[in-house]
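# the sequence and its predicted three-dimensional model are supplied below.
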Amino acid sequence: MSNLSPKRAIITGITGQDGSYLAELLLSKGYEVHGFIRRSSSFNTGRIDHVYQEPHAPNHNLILHFADLTDASRLVTLLNEIQPDEVYNLAAQSHVRVSFDEPEYTGDVTGLGTIRLLEAIRAAGVSPRFYQASSSEMFGATPPPQNEETPFYPRSPYGVAKVYSYWITRNYREAYGLFAVNGILFNHESPRRGGTFVTRKITRAVARIAAGQQSELYMGNLDAVRDWGYAPEYVEAMWRMLQHDEPTDYVVATGTAYSVRDFLQFSFEHVGLDWEKFVKFDERYLRPTEVDSLIGDASKAKDKLGWTPKILTPRLAQIMVDADVAALGVEGSRFIDSVVTA
Ligand code: NAP
Ligand code: GDD
């Protein structure tokens, strides 16, 4: 990093789970961070409120801009204005089940949004390093273990849109010499995970059930296997990819495999409850086509970036349950003990 001026980074999707952790990481490294947020009729900045800075404060280094990935001219204007050193494209309609309900919108944002951003970089005449949030969902039906050489076989409109973004990122690297990389991240979770993804849906329900505020939890396919890691560790991998001297693509994963059923067991067990007494099936949570098993091989990230995961799924479930119990405003274990024995 230059001694004279801080590096400038753009984060699209800064209000999401990963965007919020990445913003913290870059601010801690002295970056000037420009976050793109979309206009909403209700507040959508809850995950970054703790790092928010008053625009009138001297030397503030987190600057928020209204920008939507469906608005190409806005992207050009901002790229030109900000002149970034690094761009992290994290914005997406990121919910797989929802992508079956809104396939066209998902294609527009999660697929075409990436080309709008890449073209905005060219139109603005800037040459930042570019990170694309690619996904293990692209592997879809191809059996594990999956690495950078594994063929894609997406099983959802979301997965198909991410494959487009993956290839257009590679194409711009090859066609225009852009330092553009794909991070192919396997599922990663945290207390900031959106409430309709399976892990957070479970841990929120566990906290509420333990507190006597809920009695049932309706779920879909419990046999699906995922490789769940811890989101703050994964944003570190994103940053390392853009600091490396070679632009290339990386799988980021823990290499461990657990089913949704396992995650239910870890989470309920943590508060001393038996999940089978509370969980019921609802077919509305099934997908028209399912991804049965994702287990990543992150050897390349380990070798080239020195990145290794520390928090694995059983511990992750405990971290998330503890956070959801705390968020209910009860005094964790003492309260839970009384509920469990009731
Ligand atoms: P997330 O929590 O759903 O965040 C998505 C972000 O994109 C939010 O800030 C959202 O804004 C923003 N966004 C949505 N539509 C937009 C639009 N049209 N224009 C501008 N911004 C828009 O997702 P995440 O878990 O942090 O994941 C970050 C990225 O990594 C996503 O691209 C996701 O597909 C990808 N990914 C995630 C995982 C994972 O396991 N978490 C794994 C692989 C890849 P609002 O806050 O206003 O909704
Ligand atoms: N959401 C949800 N809700 N999933 C359920 C439920 C339920 O009630 N019951 C079972 N599942 C199963 C899903 O069918 C899927 O097999 C698995 O739990 C995980 O679902 P999600 O947590 O919604 O995540 P995902 O794997 O579909 O997608 C996430 O990971 C991708 C990386 O592989 C998202 O974060 C994507 O954006 C990301 O790219």
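Structure received. Ligands and ions are numbered 1, 2, ... in the order given.
# please report how far P191 lies from A327.
Taking C-beta to C-beta, to the nearest Å as the measure, P191 falls 8 Å from A327. C-betas here are computed from N, CA, C, even on glycine.
# and if you look at L286?
Remark: distance between L286 and A327 (C-beta to C-beta) = 29 Å.
# show me which of P191 and A327 is the more surrounded one.
A direct count of neighbours by other C-beta atoms under 10 Å for P191 and A327 places P191 higher, at 18 against 12.
# got a list of what that one touches?
R200, I319, M320, A323, D324, A327 (C-beta atoms under 8 Å, 6 or more residues apart in numbering).
# filter these down to the buried ones, ChimeraX style.
Applied in ChimeraX, the following selects the buried portion of those according to 16 or more other C-beta atoms under 10 Å:
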select :200,319,320,323,324
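# out of the contacts of P191, the closest to ligand 1 would be?
Ligand 1 lies nearest to R200 out of the contacts of P191, by C-beta to the nearest ligand atom, at 10.1 Å.
# count the neighbours of E148 for me.
Close neighbours of E148, defined as other C-beta under 10 Å, add up to 16.
# the helices in the stretch 51-200 of the chain, which residues?
Using DSSP state H, counting those that start in this stretch, the helices found in the stretch 51-200 of the chain span residues 72-82, 96-101, 103-106, 113-124, 157-176, 198-210.
# out of those, deepest packed?
helix 198-210 (a mean of 23; mean count of other C-beta atoms under 10 Å).
# hmm, who's touching it?
The list of residues contacting helix 198-210 from outside it, by C-beta under 8 Å, 6+ apart, reads 187, 189, 191, 193-195, 214-215, 217, 219, 228, 260, 263-264, 267-268, 270-271, 273, 278, 316-317, 320-321, 323-325, 327-328, 335-336, 339-340.
# for V33, helix, strand, or coil?
Counting by DSSP: H, G, I helix; E, B strand; the rest coil, the backbone at V33 sits in strand.
# low-confidence ranges in this structure?
Judged by pLDDT under 70, the chain has its weakly predicted residues at 1-4, 330-342.
# can you list the domains in it?
Domain segmentation of the chain under automatic domain parsing yields 8-189+230-252, 198-226+256-294+312-341.
# tabulate the ones you listed in TSV, adding columns for distance to ligand 2.
Listed next are the domains of the chain as TSV, based on distance: least, C-beta to the nearest ligand atom, whole Å:
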stretch	distance to ligand 2
domain 8-189+230-252	3
domain 198-226+256-294+312-341	3
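# how many neighbours does the residue in the chain positioned nearest to ligand 1 have?
Residue nearest to ligand 1 within the chain (C-beta to the nearest ligand atom): G16, separated by 2.1 Å. G16 is flanked by 23 other residues according to other C-beta under 10 Å.
# so who does it touch?
By C-beta under 8 Å, 6+ apart, G16 lies in contact with R47, L90, A91, S94, G194.
# with A237 instead?
So A237 contacts G183, L185, Y250, V252, A301, L305, W307 (C-beta under 8 Å, 6+ apart).
# so the fifth one makes contact with V252?
Read it as A301. Yes. Using C-beta atoms under 8 Å, A301 makes contact with V252 at a distance of 5.4 Å.
# more neighbours, these two?
V252 (29 against 25).
# next one: that one from N89, what distance?
On the measure of C-beta to C-beta, V252 and N89 end up 16 Å apart.
# re the thing from before, mind putting the helices of the stretch 51-200 of the chain in TSV, distance to ligand 1 included?
Conversion of these to TSV gives the following (distance: least, C-beta to the nearest ligand atom, whole Å):
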stretch	distance to ligand 1
helix 72-82	10
helix 96-101	9
helix 103-106	8
helix 113-124	6
helix 157-176	7
helix 198-210	9
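# I'd like these written out as JSON lines, with distance to E54 added.
Putting the helices of the stretch 51-200 of the chain into JSON lines (distance: least, C-beta to C-beta, whole Å) gives the following:
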{"stretch": "helix 72-82", "distance to E54": "19"}
{"stretch": "helix 96-101", "distance to E54": "35"}
{"stretch": "helix 103-106", "distance to E54": "34"}
{"stretch": "helix 113-124", "distance to E54": "28"}
{"stretch": "helix 157-176", "distance to E54": "35"}
{"stretch": "helix 198-210", "distance to E54": "31"}
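# nothing else from me, thank you.
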